[in-house]
Every structure is written in structure tokens, then in C-alpha cells.
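Engineer: Provide a 3D model corresponding to the input given below.
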Amino acid sequence: MPVDGGAIGLKVAIDLVKRPAMTGLARVHTWLTGNEVLILGPARAGKTSFVEYLRYGVLEPEQETATTIETKKSATFRVKVGRDQSLELKVKRAVDVAGQVGPIEHARLAEERKPHALVVMLDLSAPLTGASERASGPWLIEFCKHLDERLRNNATMIKRLKTIIFVATRQIPKSRTL
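Structural biologist: The predicted structure follows:
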């Protein structure tokens, strides 16, 4: 019987991430010292699913989901990572941005919110070429071009933004499941 390496890797990754329950004092401390994470990307790239996984550790099977039509901010939470949970990410808020607004608006929101981290979600099953509303390549090029312009002109944004993470997702065709 063949072994599905992807499923094993996913299981290990899930086991390495813990979400500790927070008391009132820990919640206030996290809100005061935590980071704002802005999750961006084209429509249907998995931004909302990623935020839910970060917050709750729930990785739902692929399914039709409601379209995010407005920016949604999460409550404060913490994520501990690693075999001994030695790394802790304190999240003041995770901000899930609607993908339909496009890459230029995403760059503008990054400048406006001045987050500590950007997570850029890209769907590898989307076409690489074509209009930036659906194609990952043009969306990423347009976003990076406008983000670069905004970073060059905003010292506060440069000072606060510590990390940009690119996450590649892939929609599994309905005939294949893990």
C-alpha cells in the first residue's frame, strides 16, 4: 500500500503547532505586545481558511466557502510552534482582506494598517497568466510593484513591517482527495 507523504507531512505540521488557552491577563498582554498580521492575496486563494487554521488549528477539507466581501479582524490569540513549543507568535489581530479588491488596494491597505507581518496567499491552481483578478502571476507582480512604491515613501511602514511570508496553496480537483 503506497504511503501518502503529503498527508504525513501535514499531520506532523499540525502536531507541531499548539494554541494555548489564554487567561484574561495573557489576553491583555498579547493585545499590548502582539503583532498585527495582514493576510492578502487574490480571491479564492485560501486567506480565510489560513486565518482559521492559525486561530483554531482547524484545517477543513476543501469545500465551497462564502466569499469574503469585507476586511475581517480576528480576536487576539497565540500560536506556539516547534517540538517543544519553544517559539510563540503573539497575534494582536489577524486581518483577512477580501481578494476581490485587487492587488493595488491590498498594497494600499498594507500602507494604511502598517502591520508587523504580511502573509501573501497565492493559489497555484490559478492560471499564471491573464488578468490579475484571477491569475497569480500578474496579481503578484502588480502587488509587489505597488507595495515597493509605498515602502519607499513610508518610513513608519518600513520600520514596523518585519516579515513578508508567501504561502502557495493548491486547490485539489474534486476527483482527488487526501
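Engineer: Pretty sure Thr163 sits against Ala117.
Structural biologist: Yes - the criterion here is CB atoms under 8 Å, and Thr163 meets it with Ala117 at 4.3 Å. No exception for glycine: its C-beta is placed from N, CA and C like everyone else's.
Engineer: which one of these two has more residues nearby?
Structural biologist: Neighbour totals were compared for Thr163 and Ala117, and Ala117 leads with 18 against 11 (other CB atoms under 10 Å).
Engineer: how far away is the more buried one from Ile165?
Structural biologist: 7 Å (CB to CB, to the nearest Å).
Engineer: Helices of this protein, residue ranges please.
Structural biologist: Taking DSSP state H as the criterion, the chain carries its helices at 5-15, 24-33, 47-56, 103-113, 136-152, 155-160.
Engineer: pLDDT (mean, whole number) over the longest one?
Structural biologist: Throughout helix 136-152, pLDDT has a mean value of 93.
Engineer: Just the buried positions in it, please.
Structural biologist: 136, 138-140, 142-143, 146-147 (16 or more other CB atoms under 10 Å).
Engineer: angle of it against helix 103-113?
Structural biologist: Relative orientation of helix 136-152 with respect to helix 103-113: 30 degrees, computed using axes from the mean of the first three to the mean of the last three CA atoms, to 10 degrees.
Engineer: for helix 136-152, packing partners?
Structural biologist: Where contact means 3 or more CB pairs under 8 Å, 6 or more residues apart in numbering; DSSP states H and E, helix 136-152 is packed against helix 103-113, strand 117-123, helix 155-160.
Engineer: what's next to the last one, contact-wise?
Structural biologist: Contacts of helix 155-160 with the rest of the structure, by CB atoms under 8 Å, 6 or more residues apart in numbering, involve 110-111, 114-116, 150-151.
Engineer: Farthest-apart pair in those residues, please.
Structural biologist: When the contacts of helix 155-160 are compared pair by pair using CB to CB, the farthest-apart members prove to be His116 and Arg150, with a separation of 16.0 Å.
Engineer: least trustworthy helix or strand in this protein by mean pLDDT?
Structural biologist: helix 5-15 (a mean of 47; mean pLDDT, DSSP states H and E).
Engineer: shaky segments in the protein?
Structural biologist: 1-23, 26-27, 29-31, 61-69, 132-133, 172-178 (pLDDT under 70).
Engineer: Count the residues that sit near Asn153.
Structural biologist: A count of nearby residues for Asn153, using other CB under 10 Å, gives 10.
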